[in-house]
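Q: Pasted the sequence and its predicted model underneath.
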Amino acid sequence: MERIVVELFKGRHKFEDIEGCIFNRELRDVKNMYYMQMSIKKAVDALMKRHGVREYRDIELDVYVTGLTVALVEVINFCSLYDIKLVLYHYDKYTKNYYTQDVYLKRQQYV
């Protein structure tokens, strides 16, 4: 499994080992779910290509949560839809460090 480390929004914090971001800029319309979905797909596809990975299920997406809950929910939805392992990194302002949260996604089977 290929691990890909990104921040949710570019430039909100300084990171040394980040490979990219999901969103390059602030969202103009936080209610435009389609735009967010397409932006996520474009970003993940580009990162997969850079890593030489062809299948979504072959990656672990590690996301530093740097803002906007609605955008984070769309990333979770995307990972659920495409069976991507997802790990979130949250900032603890008291320790000034990030801590991890595994997101357990199971694709729903409808009959």
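A: In hand now; what should we look at?
Q: Check which helices and strands the longest helix seen in the chain is in contact with.
A: For the chain, the helix that runs over the most residues, judged by DSSP state H, is helix 33-51. If contacts are counted by 3 or more C-beta pairs under 8 Å, 6 or more residues apart in numbering; DSSP states H and E, helix 33-51 sits against strand 2-9, strand 21-23, strand 59-64, helix 69-81. Yep, even glycine has a C-beta here, placed from its N, CA and C like the rest.
Q: Count the residues that sit near residue 81.
A: For residue 81, the count of nearby residues is 14 (other C-beta atoms under 10 Å).
Q: What does the pLDDT read for it?
A: Confidence per residue is given as pLDDT, and for residue 81 that number is 95.
Q: Check residue 108 too.
A: The predicted local distance difference test score for residue 108 is 47.
Q: So what's the gap between stretch 82-92 and the chain middle?
A: Averaging C-alpha positions (C-alpha atoms, centre = their mean, to the nearest Å) puts stretch 82-92 7 Å from its chain's average.
Q: what angle do the longest helix of the chain and strand 2-9 make?
A: In this structure, helix 33-51 runs at an angle of 140 degrees to strand 2-9, with axes from the mean of the first three to the mean of the last three C-alpha atoms, to 10 degrees as the basis.
Q: Kind regards, and thank you for your time.
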